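**Student:** build me a model:
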Amino acid sequence: MQQDRRDLLPKDRSTAFLIFGFLLACAMVTYTGRIDSSDGLSTFATAENWVRRGALDNNQLLWMGTQQGNIGPAGNLYTRKGLGMVLLAAPLVWVASVWPQIGLVHAALLLNPLLTAWTGALLFRTGRRLGWSRAASIGGALLFGLFTMAWPYTQTFFSDSVCGWGLFAAFYGLLTYSQTGRKRYLLGCGIAWGLAYLTRTVNLVTLPIFVFGLLAALHHRHTIGNQPPRSPAALWRLVTGQWRSVVSFIIPIVSFGLLSLWWNSVRYGSIWTSGYVESESFSAPWLFGLLGLLVGPARGYFWYSPILLVGFLGLGWFRQQARWLF
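**Tutor:** Residues are numbered from 1 along each chain as shown. Okay, the predicted model is just below:
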């Protein structure tokens, strides 16, 4: 069995809070207080209606037609977006509804800055858990928060910041469980992934990766030596021997999956109807789309976050240092 690695030092926790505060302050320097997209308006309208009158429609956007939604069986307009961002934004909107000095939109737009700053703090904690120096861990967190598209996205009400936080927090949960053996981190992993999925259904494609990560974490913690299970029977013994850990991971994922189906039923009367129409089939060639999103001059990922190119230089080193995580 792998030896436990103790929790982070109190100084590391304090540094993580300082990184969170610094990145949040930077985001607030460029804070606009405006929703500039129909996507954001659709999500905000749903959160506002839920807080004000317990409804999940966004009928105040009927003037937009079905640009960001579809009409349900009862004639109400519903967003095609996921429920996750609505759930996370609703508490902020509620605070603004009982505190008149704060605008509802202004409060809702705090969600992405808060979660981006939280992601930066988690990056620092990840570096420390991997044995990196304090300076390297701080540098990694600040590079993410200040030199990538993470900062510009804090000024939007898009779901990218929520999904990024959810997926990385889930990864952090797996890493921390592998070092401490505390099942609450697997529960947190499932909750974080579930919120990312509930925010954007396409994140379902990442579930096999996290299931594989769970098996790797179980093996890393509970198996003597470095040899992976050689047969389905050995893998089954590993899973059943740690069934409480597996259940801690699965319960929130199944719960959020059922909640997603309920969300479809509430809006469109069928658990299999998400609101997207046949013309939005995402049927363009995948290779063309991937090249465009990664290196295309209009939307290429590395054009707008060039610092990430440096990461390729460290892939071999990282694979040697943390093979199962890699």
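**Student:** now do the strands in the stretch 1-150 of the chain.
**Tutor:** Assigned by DSSP state E, counting those that start in this stretch, the strands in the stretch 1-150 of the chain fall at 69-71, 77-79.
**Student:** would TSV of those strands with mean pLDDT and mean neighbour count be doable?
**Tutor:** Glycine gets a C-beta too; all of them are placed from N, C-alpha and C. Formatted as TSV, these follow (pLDDT from 0 to 100; neighbours: other C-beta atoms under 10 Å):
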stretch	mean pLDDT	mean neighbour count
strand 69-71	88	19
strand 77-79	94	24
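**Student:** to residue 249, which of these lies closest?
**Tutor:** Among the strands of the stretch 1-150 of the chain, strand 77-79 comes nearest to residue 249, with 29.4 Å by C-beta to C-beta.
**Student:** give me the sheet partners of that closest one and which way each runs.
**Tutor:** Strand pairing for strand 77-79, determined by DSSP bridges: strand 69-71 (antiparallel).
**Student:** distance to residue 142 added to the strands of the stretch 1-150 of the chain, as a markdown table?
**Tutor:** Listed next are those as a markdown table, based on distance: least, C-beta to C-beta, whole Å:
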| stretch | distance to residue 142 |
| --- | --- |
| strand 69-71 | 38 |
| strand 77-79 | 35 |
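**Student:** can you say which of those strands is nearest to residue 138?
**Tutor:** Here strand 77-79 is closest among the strands of the stretch 1-150 of the chain (C-beta to C-beta), at 38.5 Å.
**Student:** follow-up on the earlier one: of all the strands of the stretch 1-150 of the chain, which one is nearest residue 97?
**Tutor:** Between residue 97 and the strands of the stretch 1-150 of the chain, the shortest separation by C-beta to C-beta is 19.5 Å, and it involves strand 77-79.
**Student:** contact partners of the closest one?
**Tutor:** 42-43, 45-46, 56-59, 61-62, 66, 68-72, 266-268, 275 (C-beta atoms under 8 Å, 6 or more residues apart in numbering).
**Student:** now residue 81. Nearest residue, chain neighbours left out?
**Tutor:** Distances taken as C-beta to C-beta, 6 or more residues apart in numbering put residue 43 closest to residue 81, at 5.2 Å, once the chain neighbours are dropped.
**Student:** how far away is residue 209 from residue 303?
**Tutor:** In this view, residue 209 and residue 303 are 26 Å apart by C-beta to C-beta, to the nearest Å.
**Student:** swap in residue 39?
**Tutor:** 22 Å.
**Student:** so which residue is dead centre in this structure?
**Tutor:** The residue lying closest to the centre of the chain (C-alpha atoms, centre = their mean) is residue 166, at 2.2 Å.
**Student:** give me the nearest residue to that residue, chain neighbours excluded.
**Tutor:** According to C-beta to C-beta, 6+ apart, the nearest residue to residue 166 is residue 196 (2.9 Å).
**Student:** any idea how many residues pack against that neighbour?
**Tutor:** 27 (other C-beta atoms under 10 Å).
**Student:** hmm, back to that, between residue 39 and residue 303, which one's more packed in?
**Tutor:** Using other C-beta under 10 Å, the more surrounded residue of residue 39 and residue 303 is residue 39, with 19 against 12.
**Student:** mind checking pLDDT for the more buried one?
**Tutor:** pLDDT recorded at residue 39 is 91.
**Student:** where's it relative to residue 255, distance?
**Tutor:** 26 Å.
**Student:** what comes into contact with the helix or strand hosting residue 287?
**Tutor:** Here residue 287 sits within helix 286-295, counting by DSSP states H and E. Helix 286-295 has contacts (C-beta under 8 Å, 6+ apart) with 298-303.
**Student:** just checking, next helix/strand downstream of it?
**Tutor:** Following helix 286-295 in sequence, per DSSP H and E, is helix 301-304.
**Student:** what pLDDT, on average, does the helix or strand just after that next one get?
**Tutor:** Using DSSP H and E, the next helix or strand after helix 301-304 towards the C-terminus is helix 315-321. Per-residue pLDDT values over helix 315-321 give a mean of 89.
**Student:** now helix 315-321 - C-alpha only, CSV.
**Tutor:** What follows is helix 315-321 as a C-alpha-only set of coordinates in CSV (Å, rounded to 0.1, in the frame of the first residue of the first chain):
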residue,chain,number,x,y,z
LEU,A,315,5.5,16.7,-21.2
GLY,A,316,8.4,14.2,-21.0
TRP,A,317,9.5,15.4,-17.6
PHE,A,318,5.9,15.3,-16.2
ARG,A,319,5.4,11.8,-17.5
GLN,A,320,8.5,10.6,-15.6
GLN,A,321,7.5,12.4,-12.4
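**Student:** residue numbering should commence at 543 henceforth.
**Tutor:** Done: numbering now begins at 543, and the last item shifts to helix 857-863.
**Student:** hmm, who's touching it?
**Tutor:** Contacts of helix 857-863 (C-beta under 8 Å, 6+ apart): 672-673, 867-868.
**Student:** which ones among these lie within helices?
**Tutor:** For these, not one is inside helices, with DSSP state H as the criterion.
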